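>>> Provide a 3D model corresponding to the input given below.
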Amino acid sequence: MEVTKEEITHLASLSNFSLGAEEITKLKADLENILRYISKLDELDVKGVEPTYQVFEMENVWRPDEIIAQDADREALLNLAKDSEDHQIKVPKVL
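Numbers count the residues shown, from 1 in each chain. You can find the predicted model right below:
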């Protein structure tokens, strides 16, 4: 499969990467080699082979929510914070 430089540039912009011309050429060759290698799977005879969706049995393990008493109370924890306001920990703005 042929990979175009435009496709590489588009993928780079989606990934927020800036690539130089040399990097684009190298990445183009690498992707073509990867796709050529993967395309060999099309040659396999898979008639009668059951699809594998999961290699081992998994299931969600749910537990009931329980409130467990803690040694520290709210006021003691608030006193550990540098700054608090209205019974909440005050932190610097991030944005």
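
>>> so what's the residue count around the residue nearest to S39 when sequence neighbours are not counted?
Excluding the flanking residues, the one nearest S39 by C-beta to C-beta, 6 or more residues apart in numbering is M1, at 6.9 Å. Where you see a C-beta, it was placed from the backbone N, CA and C, and this is true even at glycine. Counted by other C-beta atoms under 10 Å, the residues lying close to M1 total 9.

>>> pLDDT score for the spatially most central residue of the chain?
Nearest to the mean C-alpha position of the chain, counting by C-alpha atoms, centre = their mean, stands S15 at 12.9 Å. We have a pLDDT of 94 for S15.

>>> what of V46?
V46 carries a pLDDT value of 89.

>>> which ones are touching it?
Residues in contact with V46 (C-beta atoms under 8 Å, 6 or more residues apart in numbering): none are found.

>>> list the helices and strands whatever helix or strand E6 lives in packs on?
Secondary structure from DSSP states H and E places E6 in helix 5-14. When contacts are defined as 3 or more C-beta pairs under 8 Å, 6 or more residues apart in numbering; DSSP states H and E, helix 5-14 packs onto helix 21-39.

>>> got the buried residues for the helix holding E6?
In terms of neighbour count (16 or more other C-beta atoms under 10 Å), helix 5-14 has its buried residues at I8.

>>> can we start the residue count at 889 from this point?
Sure thing, new numbering starts at 889, so read that last one as helix 893-902.
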